[in-house]
Structures are given as C-alpha cells and as structure tokens.
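K.L.:
below is the structure, and that's it, no one-letter string:
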C-alpha cells in the first residue's frame, strides 16, 4: 500500500511584492527625513548654546578670581567690547595661556578640539596653542563684555539686534557682564526684516 506523498511548495515573495515593500519603505523614509534632520539641527543648536554659556561662565569665573574682567591687551576697556573667536587672544587668557592678564595661568575654559572643521577649539601647529573656537556649524562665536560695571547689554548695538523681548522691543540682557553666540545653521544672525532667516542663532542668553 503506497503512502500518499505531499509536495512541499515554498512560496517566496514575488517581484511585485518586493517592489511594493521597497516603495513603502522609501515613502516612510522620505516622510521621516525632515523630522530627523530637524532633530539633528535642534540638537546642534543646543550644543552651540552650551558652548556659548560655557564661554560666559568662564568669563564670570575669571572675574570672580581676579575682580576684573578678562581683556586681551593694554588696559581694561571701559565700555562694551566685542570679541570674535577667529582671534584666539581672549581664548588664550581664559585658557591660562596669557600670564600678563591671567597672572596665575588659571584655566577657566576648556573644550575638545574641533573635528572636521566644527565644534571645538582649533589649535595651531604645536597642538597646544588655540587659534580659534568654532560652533557645531563651523561658525565663530561673537562675545560682548561689559566693562562699565553696569552688567547690562543692549542687544540693539550688537549682532544680536534681531532678538526682541515679548513686547517686540530690542532685548536688553541684564545681570550679565558678558554674552556670547554665533549665527547658527544658516550662517547669518537673525534679522526679522529678512523672512528667509529663521530665529535660530546660537546664544548664551
């Protein structure tokens, strides 16, 4: 007596089914791409904000130790002074590499070395002397220090003039001797008269 035989049929995906699956995955990837890039952009802005705040904390720490604010040459200014981190003179003072203005060579600011032209300190050939500081988008920071003692910085006189308060007036930062920031991902400081620019400046305030 013969036993019945059962043919085993292994059915895989057809070409059409595979193409449908690939199309669905592509649609989902395209739909999620803006959200992913937006999240990455926001995370980089937050990293830049932290770097800006660390600069201000370093300036505050310097003032607490020496009872005067850091400066770069000659005598201390008497108004509001602008510095940019494409010039490392202020960085050298804050990093303890200027024993005239920072006589104890105290180190108030530290950060990792920049990689691929973003986020960190750019060092000269010796590997120890800073030459610049750049944000997560490859921009230099702008720093304002108020040497008048009023601890008040009116943003209308700075590159941050596009920042306004809840009444739409130019913002005034109080109780701080220093502020810092950079243009952020669009490489330009926010200007409300230019509709093409988002309010995405990196800033300490």
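P.N.:
The structure has been received and is ready for your questions. Given the structure is predicted, the values throughout are model-derived calculations rather than measurements.
K.L.:
make it CA atoms for all contacts and neighbour counts henceforth
P.N.:
Noted.
K.L.:
and whichever helix in the chain runs longest, what other elements does it pack with?
P.N.:
Looking across the chain with DSSP state H, the single longest helix is helix 15-66. Helices and strands touching helix 15-66, by 3 or more C-alpha pairs under 8 Å, 6 or more residues apart in numbering; DSSP states H and E, are helix 89-94, strand 178-182, strand 202-203.
K.L.:
at 6 Å what do you get?
P.N.:
strand 178-182, strand 202-203 (3 or more C-alpha pairs under 6 Å, 6 or more residues apart in numbering; DSSP states H and E).
K.L.:
just want the most central residue of this protein.
P.N.:
Nearest residue to the geometric centre of the chain (C-alpha atoms, centre = their mean): residue 48, 1.8 Å.
K.L.:
check contacts around that residue.
P.N.:
Residues near residue 48 by C-alpha atoms under 6 Å, 6 or more residues apart in numbering: 135, 202.
K.L.:
try it again at 10 Å.
P.N.:
42, 54, 119-120, 134-137, 139, 141, 181-184, 201-204 (C-alpha atoms under 10 Å, 6 or more residues apart in numbering).
K.L.:
likewise for residue 36?
P.N.:
29, 42.
K.L.:
what is the neighbour count of residue 132?
P.N.:
A count of neighbours around residue 132, defined by other C-alpha atoms under 10 Å, yields 22.
K.L.:
same check, this time on the one 4 residues further on
P.N.:
The number of residues packed around residue 136, counting by other C-alpha under 10 Å, is 25.
K.L.:
distance of it from residue 36?
P.N.:
Distance of residue 136 to residue 36, given as C-alpha to C-alpha, to the nearest Å: 17 Å.
K.L.:
and for residue 164?
P.N.:
Counting by C-alpha to C-alpha, the gap from residue 164 to residue 36 is 29 Å.
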